[in-house]
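Undergrad: sequence below, structure please.
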Amino acid sequence: MPRLSEAARHVVLPSGITSTGWPAVEQQLREFGVEFDEWQQGLSRAVLGKRADGLYAATVGGVVLSIPRQVAKTFLVSRLIFALCVLFPGLKVLWTAHHNRTITNTFRGLQGFAQHPKVAPFLAHNGIRTANGEQEIRFLNGSIIMFGAREQGFGRGFDEVDIEVFDEAQILTEKALEDMVAATNQTRHPHGALLFYMGTPPRPADPGEAFSLKRTKALEGKTEDTLFVECSADPDADPDDHKQWAKANPSFPHRTPLSSMLRLRENLPSDEAWLREALGIWETAMGKGVIPGPSWKSAEDEHSIAVDRFALGVECGPDLAYASVAMAGVRPDGRWHFEMVEDQHTKGAGVSWLVPYIEKYVELNPQIRAIMVDVGGPIKALLEKRNNGHWYFKDTQVLVTPIRVTELGSACTTVLSGIITQDLFHIGQPQFSAAALSAGKRPLGDTGMWVWSRKLSHSDITPVQAATLALSGAQTTKVQRPSRGGTASERVLTVLS
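TA: Predicted coordinates:
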């Protein structure tokens, strides 16, 4: 079993620890029949670390746990709190989560633990209360754990609170924090109050400023009163690399089985959500894309131009929220060129502009040899397969060439290698560069290949996806010409205004 320093990516300890309350708590847990793994023991020692004055070293800044799902952080914190409730009569604990469903599930789980034969003797008569919307676990010695959802206003109006747990801390507003932390100012616990902030990296839409700030201050060494622990995979992790799963989750695979991880993988909506919630990667760490920045800069040539083998690539974003058109071809020196033609920054959101634009572009540029699309993506909604077996944009005579799965994987590799080896050039368009440098990669099934993926939720990588399709069309021999007119001698494209 790994130690805490081996299991966690970041461990920032509060200063001045001279002792810990862990031995007494560990003994109580043994009476409950609970035994922690070695890394959990190390974390518990740090949580209960005390300074020379007898106060918890983290009593001011709190215990901040950025730990993915399926790592049993609720198990660890709840068992510590149960033991403390038994050891310190009259301990008052508030356990909150943002969502009501989360706190209800937590309460049900701890209700089951409280009814364990080795735990139940420590509870008060009828110590588990669920009436009138209240969720409480009461102990014989007067200690109590109260549960509630912050979205329903739980946590305000309490005083003399000794421990507060902020589950789903990635959804913790400054207002909720102000309302609740004040309740610990009059704690009667001899070692001071403890605040637990535990969650996964916040989504961009989450009010995660409080959680993010605590992480930032800890990593920048701007606090001496906070315990910060982060378990996460490498920032550039392959989402399906089981070694990265183990790096993010010290409970995998001996406590958290492969089937549980696969189930979570299947049900999270995107690679981005998986990287954040299951692998614990913060978006500030995910920003680095696959294409090396220096290589991309070296491949910039403002005078680069294609003169032959012109092809277009067209890609749409999720839910057809935006789209990009790119062009590629061969340069006078025999090397390759690609560029963005239009995207949401020039045409606006949505795709209503796309098909009329393509029709006009092909009409003015009959030398276009192919329009490449990925019919497995969102653009399929704009296409139709006709009786002749070919694909067209709906209600048009514009013929497109669907790229095969293996061709797409090969095309992505060709772009990356072309940029690195200086066989492929671009003209330094800001939106194109932003897309290219923010694009990550994900495995393409079991082919051993990969394709571009969004590393950040707000990233629009359709320009580089479209450009990759266009380059494939320029280099591939067997394509469907979208127009019957045109000749190979036409070496300049007409640009639409």
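Undergrad: what's the burial count for the closest residue to residue 342 other than its chain neighbours?
TA: Leaving aside its sequence neighbours, residue 342 sits nearest to residue 325 (CB to CB, 6 or more residues apart in numbering; 4.7 Å). Placement of C-beta: from N, CA and C, glycine included. By other CB atoms under 10 Å, 26 other residues sit near residue 325.
Undergrad: list the strands paired with whichever strand or helix holds residue 325, with their directions.
TA: Using DSSP states H and E, residue 325 sits in strand 323-330. Here strand 323-330 is paired, per DSSP bridges, with strand 308-316 (antiparallel), strand 336-342 (antiparallel).
Undergrad: between these, which gets nearest to residue 374?
TA: Closest approach to residue 374 among the strands paired with strand 323-330 is made by strand 308-316 (6.9 Å; CB to CB).
Undergrad: what's the spacing between that closest one and its chain's center?
TA: 31 Å (CA atoms, centre = their mean, to the nearest Å).
Undergrad: got it, and stretch 351-371?
TA: For stretch 351-371, the distance to the chain centre is 36 Å (CA atoms, centre = their mean).
Undergrad: and that stretch, average pLDDT?
TA: If you average the pLDDT over stretch 351-371, you get 94.
Undergrad: contacts for that stretch?
TA: 309-314, 316, 320, 322-323, 325, 341-342, 347, 382, 393-396, 398-401, 473-474, 476, 479-488, 490, 493-494, 496 (CB atoms under 8 Å, 6 or more residues apart in numbering).
Undergrad: check which residues of stretch 269-286 are buried.
TA: 271-272, 274-283, 285-286 (16 or more other CB atoms under 10 Å).
Undergrad: same question, stretch 165-183
TA: Buried residues in stretch 165-183, counting neighbours by 16+ other CB under 10 Å, are found at 165-172, 176-177, 179-181, 183.
Undergrad: could you do stretch 197-204 as well?
TA: So for stretch 197-204, counting by 16+ other CB under 10 Å, buried means 197, 198, 199, 200, 201, 202.
Undergrad: ditto for stretch 439-458
TA: 439-444, 449-456.
Undergrad: what's the answer for stretch 385-400, then?
TA: 391, 392, 393, 396, 398, 399, 400.
Undergrad: could I get the contacting residues of the residue nearest to residue 342?
TA: Applying CB under 8 Å, 6+ apart, the residues near residue 325 are 312, 313, 314, 340, 341, 342, 343, 354, 357, 358, 361, 466.
Undergrad: which of those residues lies closest to residue 219?
TA: residue 343 (35.1 Å).
Undergrad: the closest one: how many residues sit nearby?
TA: Considering only other CB under 10 Å, residue 343 is surrounded by 23 other residues.
Undergrad: where is the longest helix in this protein?
TA: helix 405-421 (DSSP state H).
Undergrad: and that helix, how far out from the chain middle?
TA: With CA atoms, centre = their mean, you get 25 Å for helix 405-421.
Undergrad: how far away is residue 250 from residue 232?
TA: 11 Å (CB to CB, to the nearest Å).
Undergrad: again but with residue 5, I slipped
TA: Residue 5 is 15 Å from residue 232, by CB to CB.
Undergrad: of these two, give the one with the bigger neighbour count.
TA: residue 232 (25 against 9).
Undergrad: that one contacts residue 9, correct?
TA: Yes. Contact criterion CB atoms under 8 Å: residue 232 and residue 9 qualify, at 4.9 Å.
Undergrad: okay, and the common contacts of these two?
TA: Both residue 232 and residue 9 are in contact with 247, 280, where contact means CB under 8 Å, 6+ apart.
Undergrad: show me this protein divided up by domain.
TA: Per the TED database, the structural domains of the chain span 4-231, 293-475.
Undergrad: nearest to residue 263, out of those?
TA: domain 4-231 (9.4 Å).
Undergrad: starting at the chain centroid, how far to the closest one?
TA: With CA atoms, centre = their mean, you get 24 Å for domain 4-231.
Undergrad: show the pLDDT at the closest residue to residue 254 other than its chain neighbours.
TA: Spatial nearest neighbour of residue 254, chain neighbours left out: residue 1 (8.0 Å); criterion: CB to CB, 6+ apart. pLDDT, residue 1: 73.
Undergrad: you'd agree residue 1 is up against residue 40?
TA: No. With contact defined as CB under 8 Å, residue 1 does not count as touching residue 40 (9.0 Å).
Undergrad: more neighbours, these two?
TA: Taking other CB under 10 Å, residue 1 and residue 40 do not tie; residue 40 has more neighbours (22 against 13).
Undergrad: for the more buried one, what is the enclosing helix or strand?
TA: Short version, using DSSP H and E: residue 40 is in helix 38-47.
Undergrad: quick one: mean pLDDT for that helix?
TA: On average, helix 38-47 scores 97.
Undergrad: what's that helix packed up against?
TA: When contacts are defined as 3 or more CB pairs under 8 Å, 6 or more residues apart in numbering; DSSP states H and E, helix 38-47 packs onto helix 4-7, helix 22-32, helix 73-87, strand 226-230.
Undergrad: in the stretch 301-450 of the chain, where is pLDDT below threshold?
TA: Nowhere does the stretch 301-450 of the chain drop to pLDDT under 70.
Undergrad: which parts of stretch 341-349 are buried?
TA: 341, 342, 343, 344, 347.
Undergrad: pick out the most distant pair among those residues.
TA: Within those (distances taken as CB to CB), the two that end up farthest apart are 341 and 344, at 12.6 Å.
Undergrad: need the domains of the chain in JSON lines with distance to residue 243, can you?
TA: Compiled in JSON lines, these are given as follows (distance: least, CB to CB, whole Å):
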{"stretch": "domain 4-231", "distance to residue 243": "14"}
{"stretch": "domain 293-475", "distance to residue 243": "14"}
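Undergrad: now do the contacts for the residue nearest the centre of the chain.
TA: Nearest to the geometric centre of the chain sits residue 276, at 2.5 Å (CA atoms, centre = their mean). Neighbouring residues of residue 276 by CB under 8 Å, 6+ apart: 200, 201, 203, 282, 283.
Undergrad: any buried residues in stretch 303-318, and which?
TA: So, applying 16+ other CB under 10 Å, buried residues of stretch 303-318: 304, 306, 308, 309, 310, 311, 312, 313, 314, 315, 316, 317.
Undergrad: now flag whichever of the residues you listed is closest to residue 23.
TA: Among the buried residues of stretch 303-318, and counting by CB to CB, the member closest to residue 23 is residue 317, at 55.6 Å.
Undergrad: could you tell me how many residues sit around the closest residue to that closest one other than its chain neighbours?
TA: Spatial nearest neighbour of residue 317, chain neighbours left out: residue 462 (5.2 Å); criterion: CB to CB, 6+ apart. Look at residue 462: counted by other CB under 10 Å, it has 31 neighbours.
Undergrad: perfect, that will be all.
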